[in-house]
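1. pasted the sequence and its predicted model underneath.
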There are 2 protein chains.
Amino acid sequence: MVTANPILLPELRFMLAEGDTAGLREVAEELHPATVAEFSTGLTDLELWQVLAALPVERQADIFPYYELSRQVELVAVADRQTLGQLLESMAPDSRVELLRELEPELVEEILPLVAKAERHDIRMLLSCPENSAGALMTTEYASLPADITAGEAIARLRSQAPNSESIYYIYVLDAERKLLGLISLRDLILARPTALVADLMQTDIISVLVEEPQEEVVQKLARFDFLAIPVVDDQNRLVGIITHDDVLDAVRQDATDEAQRIAAVAPLGESYLQAGLTTMTWKRGGWLTILFATAAVTTTVLARRPITDPWLIDFIPLVMASGGNSGSQSATLVITAMSTGDCRLSDWPQILRREFMLGILLGLLLAVPGYLLALLYAPTPSAALVIPLTILGVVMLGTLVGSVLPLMFRSLGLDPALMSNPFVSAIVDVVGILLYMSVAMLVLG
Amino acid sequence: MVTANPILLPELRFMLAEGDTAGLREVAEELHPATVAEFSTGLTDLELWQVLAALPVERQADIFPYYELSRQVELVAVADRQTLGQLLESMAPDSRVELLRELEPELVEEILPLVAKAERHDIRMLLSCPENSAGALMTTEYASLPADITAGEAIARLRSQAPNSESIYYIYVLDAERKLLGLISLRDLILARPTALVADLMQTDIISVLVEEPQEEVVQKLARFDFLAIPVVDDQNRLVGIITHDDVLDAVRQDATDEAQRIAAVAPLGESYLQAGLTTMTWKRGGWLTILFATAAVTTTVLARRPITDPWLIDFIPLVMASGGNSGSQSATLVITAMSTGDCRLSDWPQILRREFMLGILLGLLLAVPGYLLALLYAPTPSAALVIPLTILGVVMLGTLVGSVLPLMFRSLGLDPALMSNPFVSAIVDVVGILLYMSVAMLVLG
């Protein structure tokens, strides 16, 4: 996230007031684009456009993606159309599409004619990739070479292409139909004899992703092989783009936050915590809370129909419920994180259920012991006290079962396993747990 | 995680049996080291060492770090000492230390004399960095140049240094005391006029981390600036190492899993879900469950001392508890994830508490409405039914308060905020919530 950095702000305002274009340009050239964004985000929209206007458009395009997305949208709304068209043409294809995805479709249609035809085609292609697919993360800016030239020629060509930023470090070797033949790193090109053929230098054991593959797959491959970038191909193995390490890192961090929030029954905020409005927040939390409330209301109905009357049994209601809920949350979180990191897959379900069944018994027995000791203090007889450890064993086993089955079920339905959030597991365990409690009590106490 | 891939396994075994060293070498040269590790991890330890022995030591060193850490430890245990020394000398400094950190200190002391003196010094330095510091993530392999040479000379020097893998893409410019003066990318070197001076080409607005800075800081900087690597300096700005993008990605993924597990009251497994033994699992889950059980036991004591006697009030116990627990889990998770992504800092606490206070009121009112409607069905009079919405408003406010204060408190004590896991928040809310419930009931019902 880019937060306003107050240090340079007064200086920027002073330079603007003085019309010191040279000064602004110097500051913007010397600092990292992310730092310039950080320093200038405290300006008003109009001031900010004035600062950007002092810079060459390539520099504007470097800086712009470092503002928060919501700020970028604001800035677009007040922008001069001409300036906006030029800026979009110069921006990296992935940053550009990330921004356009946030705008109203009507606004996008209004803006697109301002962009050159080739770029427009590129934008439409990237916009058409479904969210959460590899295509939605990729950029169309990459370095490519044919296989039949020498290392020396290759370096000369790269010099003239001068590809943007870091996409120069992996060079993709393509045939006439843009099919992916191999990969050569800039390091290997530099170290090679200048007369060696690219075809002999390139690696041919290429790991790529399909444009429609889920992003999870991209993350796992890039992380496993420690790549700087991973090529994205269509179903005929033609190169359509690359996904770079920085975009994968951003995606992983965002996904981790979203997942933790989903597990706790918060619809992912999609913006930073302090910037989300109170209405958004109430909605994203309240929706789930209401659903959970409805589920919990079932416990009231169950208790009202078949009341627990022994006062000492009433005293144990929260304890019994908590034991089941806690073990359920543990199982759900373990299964969810194991699936999202690729540590286990849906097909591992028999092994997962077997493990959680065993753990349910072990953990249930572990908690049954203090449960029995505590019950001895309140129950009329030692044999009556047995209700508590037996129920605890039952609800803990129930918790591990529900906690592991539900994420697996959701995954098999093609849904996000994290959606089956921990509080929901607890809610189910609460209802079934109360029924179990009453049944055990009736059985033991007669 | 590297799972056994069965496709090549029989072929590998066949080549071993035939003593086909050339074949093994060819397979290992053509495939990515991660793929070789994946294919061969199904072999026994001895077979695996036979495969490795067929390869040049540099290739062994590339492949070895791609086995699971626990497997690496196993392999070390049965290794021939001579082979092990050579392997460790060739391994990347960060992978080597990652492995050594897993071994018993006595074993490390036994192994170290097998390694050349310079490498031994390097290992001891890296081992001395505290876990979770920038130093513990860094590698000491990087490319460096003086400032007073030309781009052409720089490329020639890089060719002769031929630095390992990807550390060639950012070249650090150092003075005679190894102080960090600037940074130049290989791209800029290649594109520059060969006669241009490195001093004129290099960027001097360098973002670095201190060797003792927490890894969270490293992740935030690298992610914000989209770097391939970030330099690590000591307190005199001398370069001591670099941290590369792939290690940051691994750390982020591991931290996300650990954090989600901590939030659900599981001590981080440190290994993959399916590979963790049942005993480890019982211990890592059971410890927290027992602590939570003890906390929940307080609710029993409270209820036993000041019993709730109206049967209809008893029916609402689980519902009231769940409402407080769920809103508390939401707040805790939001605050924890916001702090770990850098979206907010400890100093933002007044704003956080203000937000959560407001949200407590809004969400409390939201749930109070269905709560009142449900209570009307069971309460003797409409005014008696007011106990339920009033209590719900109270416990939801309590939940948001406890859920946001506890992670902040833990952070201010220098502890991991995620440790204050959701079930623990629920446990506290349960106890205080029951007291609140009884107080409201006495007040309203007289």
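-> Structure received. Numbers count the residues shown, from 1 in each chain, chains lettered A, B, ... in the order given.

2. alpha carbons only for contacts and neighbour counts from here, please
-> Fine.

3. which helix in chain A has the most residues?
-> What stands out as the longest helix in chain A, according to DSSP state H, is helix A:349-378.

4. list the helices and strands that one packs on?
-> helix A:387-412, helix B:278-305 (3 or more CA pairs under 8 Å, 6 or more residues apart in numbering or on different chains; DSSP states H and E).

5. how close does A:Val285 get to chain B?
-> Actually, residue A:285 is Arg. It isn't Val. 7 Å (CA to the nearest CA, to the nearest Å).

6. tell me the spatial nearest neighbour of that residue, not counting adjacent residues.
-> A:Val266 (5.1 Å; CA to CA, 6 or more residues apart in numbering or on different chains).

7. again, but for A:Val335
-> Using CA to CA, 6+ apart, the nearest residue to A:Val335 is A:Ser404, at 6.2 Å.

8. return the residues in contact with the one you found.
-> A:328, A:331-332, A:335, A:352-353, A:356 (CA atoms under 8 Å, 6 or more residues apart in numbering or on different chains).

9. returning to that earlier point: return the most buried member of the helices and strands packed on helix A:349-378.
-> Among the helices and strands packed on helix A:349-378, helix A:387-412 has the highest mean neighbour count (mean count of other CA atoms under 10 Å in any protein chain shown), at a mean of 25.

10. what's the helix or strand following it in contact with?
-> Scanning forward in sequence from helix A:387-412 by DSSP states H and E, the next helix or strand is helix A:422-445. With CA under 8 Å, 6+ apart as the test, helix A:422-445 has contacts from A:263-265, A:292, A:295-296, A:298-299, A:302-303, A:306, A:308, A:317, A:320-321, A:324-326, A:328-329, A:332-333, A:383-384, A:386-387, A:390-391, A:394-395, A:398-399, A:402-403, A:406, B:318, B:322, B:326.

11. now do whichever strand or helix holds A:Ile336 against helix B:422-445, angle only.
-> Taking DSSP H and E as the definition, one finds A:Ile336 inside helix A:317-340. Relative orientation of helix A:317-340 versus helix B:422-445 (axes from the mean of the first three to the mean of the last three CA atoms, to 10 degrees): 150 degrees.

12. centre of the chain to helix A:317-340, how far?
-> 23 Å (CA atoms, centre = their mean, to the nearest Å).

13. ok, stretch A:173-181 next?
-> With CA atoms, centre = their mean, you get 32 Å for stretch A:173-181.

14. what about that stretch, near chain B?
-> No: under the criterion of CA under 8 Å from any CA of the partner chain, chain B is not reached by stretch A:173-181; the shortest gap measures 14.4 Å.

15. ends of that stretch, how far apart?
-> Start and end residues of stretch A:173-181 are separated by 5 Å (CA to CA, to the nearest Å).

16. verify the stated contact: A:Leu180 with A:Arg238.
-> Yes: using CA atoms under 8 Å, A:Leu180 is in contact with A:Arg238, at 5.8 Å.

17. tell me the pLDDT at A:Asp255?
-> With respect to pLDDT, A:Asp255 scores 87.

18. which helix or strand contains it?
-> helix A:245-263.

19. flag every buried residue along that helix.
-> Using 16 or more other CA atoms under 10 Å in any protein chain shown as the test for burial, helix A:245-263 gives A:245-249, A:251-253, A:255-263.

20. between that helix and helix A:278-305, how many degrees?
-> 40 degrees.

21. got phi/psi on A:Tyr67?
-> phi -70, psi 160 (degrees, to the nearest 10).

22. A:Gly42 is in contact with that one, correct?
-> No: with contact defined as CA under 8 Å, A:Tyr67 does not count as touching A:Gly42 (10.7 Å).

23. neighbours around the residue nearest to A:Phe293 when sequence neighbours are not counted, how many?
-> Of all residues not flanking A:Phe293 in the chain, B:Ser323 sits nearest, at 6.7 Å (CA to CA, 6+ apart). Residues near B:Ser323, counting by other CA atoms under 10 Å in any protein chain shown, number 30.

24. what's the answer for the one 10 residues further on, then?
-> By the other CA under 10 Å criterion, the neighbourhood of B:Thr333 contains 30 residues.

25. dump the residue contacts of it.
-> Contacts of B:Thr333 by CA under 8 Å, 6+ apart are A:260-261, A:264, B:263, B:403, B:418, B:422.

26. quick one on the thing from earlier: quick one, what contacts the residue nearest to A:Arg285?
-> So A:Val266 contacts A:284-285, A:288, B:330 (CA under 8 Å, 6+ apart).

27. am I right that it sits in a strand?
-> No: counting by DSSP: H, G, I helix; E, B strand; the rest coil, A:Val266 is not found in a strand; it is coil.

28. domain-wise, how is chain A divided?
-> Residue ranges for the domains of chain A, per automatic domain parsing: A:9-128, A:143-252, A:278-445.

29. quick one: distance of the shortest one to the chain centre.
-> To tie it back to what came earlier, the one meant is domain A:143-252. That offset, for domain A:143-252, works out to 25 Å (CA atoms, centre = their mean).

30. ok, stretch A:53-71 next?
-> 24 Å.

31. buried stuff in that stretch?
-> Per 16+ other CA under 10 Å, stretch A:53-71 contains these buried residues: A:54-55, A:57, A:59-69.

32. same question for stretch A:146-161.
-> A:146-147, A:150-155, A:158-159.
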